[in-house]
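Peer 1: Fold the following.
(chains A and B)
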Amino acid sequence: DGGITQSPKYLFRKEGQNVTLSCEQNLNHDAMYWYRQDPGQGLRLIYYSQIVNDFQKGDIAEGYSVSREKKESFPLTVTSAQKNPTAFYLCASSDLLQGGSETQYFGPGTRLLVL
Amino acid sequence: AQSVTQLGSHVSVSEGALVLLRCNYSSSVPPYLFWYVQYPNQGLQLLLKYTSAATLVKGINGFEAEFKKSETSFHLTKPSAHMSDAAEYFCAVKKAAGNKLTFGGGTRVLVKP
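Peer 2: As a prediction, the model looks like this:
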């Protein structure tokens, strides 16, 4: 089955710790995205990547880092500099279409909690 | 910057009644518009999208939405609510240039038996 997988489903972070969230897709999509979801605020873009070894900051990149070494993988690291990391994190992927009408498809999410 | 406003963070409907979820956007040019649904602790699933073809867009699960340029709106409707429609719904807008999706704050739908 084609789709997007995220792991783990739940993740606990201690103070001062970096944690990495995994995102893998087998849809052969060029672009991948990370969003943060907080109650009542919709989704906010953290980082996105259109091609391997290249990525751009979104609206709330501070305290996060990403890599894109393979087309199918786009891990997100939540660093100790992110002072309020408790949220639901969603990974998405899409084709890149001329005209910009592509649809983003979402994974099942990872809930990050601070101990 | 683009913005998306969803009127009403919570909506309660009776089973069998009309579902109407409102979405207004700010954009100087007609964008691409999307409605997604999210069930508890799950990712977002695409319901439908507008890409400048027909202004009335039909989606999955009996939902449809109408693009009204003069009102900068893209309201989502379903004629008859089902218990399985209880979820959170997000409207999103995208410009032709760039990858960024801008989301509204979401509307949580409660369906009463």
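Peer 1: Show the contacting residues for residue B:32.
Peer 2: A:100-101, B:49-52, B:93-96 (C-beta atoms under 8 Å, 6 or more residues apart in numbering or on different chains). Placement of C-beta: from N, CA and C, glycine included.
Peer 1: Now it: phi and psi?
Peer 2: When read as degrees, to the nearest 10, the backbone of residue B:32 gives phi -90, psi 140.
Peer 1: and what of residue A:96?
Peer 2: Dihedral angles for residue A:96 - degrees, to the nearest 10 - are phi -120, psi 110.
Peer 1: dump the residue contacts of the closest residue in space to it that isn't next to it in sequence.
Peer 2: Nearest-residue entry for residue A:96: residue A:30, 4.8 Å, with adjacent residues in sequence omitted and distances by C-beta to C-beta, 6 or more residues apart in numbering or on different chains. For residue A:30, the contacting residues are A:50-51, A:71, A:94-96, by C-beta under 8 Å, 6+ apart.
Peer 1: ok so, going back, can you list the contacts of residue B:32 in TSV and add pLDDT, secondary structure and neighbour count?
Peer 2: Shown next, in TSV, are these (pLDDT from 0 to 100; DSSP: H, G, I helix; E, B strand; the rest coil; neighbours: other C-beta atoms under 10 Å in any protein chain shown):
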residue	pLDDT	secondary structure	neighbour count
A:100	74	coil	15
A:101	77	coil	15
B:49	93	strand	19
B:50	92	strand	21
B:51	86	coil	20
B:52	78	coil	13
B:93	91	strand	25
B:94	89	strand	24
B:95	81	coil	17
B:96	74	coil	14
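Peer 1: In JSON lines, list those along with distance to residue B:20.
Peer 2: Below are the contacts of residue B:32 laid out as JSON lines (distance: C-beta to C-beta, whole Å):
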{"residue": "A:100", "distance to residue B:20": "29"}
{"residue": "A:101", "distance to residue B:20": "26"}
{"residue": "B:49", "distance to residue B:20": "19"}
{"residue": "B:50", "distance to residue B:20": "17"}
{"residue": "B:51", "distance to residue B:20": "23"}
{"residue": "B:52", "distance to residue B:20": "23"}
{"residue": "B:93", "distance to residue B:20": "19"}
{"residue": "B:94", "distance to residue B:20": "23"}
{"residue": "B:95", "distance to residue B:20": "26"}
{"residue": "B:96", "distance to residue B:20": "28"}
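Peer 1: Which helix or strand contains the residue most central in space within chain A?
Peer 2: Closest to where the C-alpha atoms of chain A average out (C-alpha atoms, centre = their mean) is residue A:34, at 2.5 Å. Taking DSSP states H and E as the criterion, residue A:34 maps to strand A:31-37.
Peer 1: after that strand comes which helix or strand?
Peer 2: Per DSSP H and E, the first helix or strand lying C-terminal to strand A:31-37 is strand A:43-51.
Peer 1: And the contacts of that next one?
Peer 2: Here strand A:43-51 has contacts from A:30-38, A:55-61, A:64, A:66, A:68, A:74, A:76, A:89-90, A:96, B:44, B:90, B:99-101, B:103, using C-beta under 8 Å, 6+ apart.
Peer 1: so who does residue B:34 touch?
Peer 2: The neighbourhood of residue B:34, defined by C-beta under 8 Å, 6+ apart, consists of A:103, B:46, B:48-50, B:91-94, B:101.
Peer 1: switch to 10 Å and redo it
Peer 2: Applying C-beta atoms under 10 Å, 6 or more residues apart in numbering or on different chains to residue B:34 gives the contacts A:103-104, B:4, B:23, B:44, B:46-51, B:57, B:59, B:65, B:74, B:90-94, B:101, B:103.
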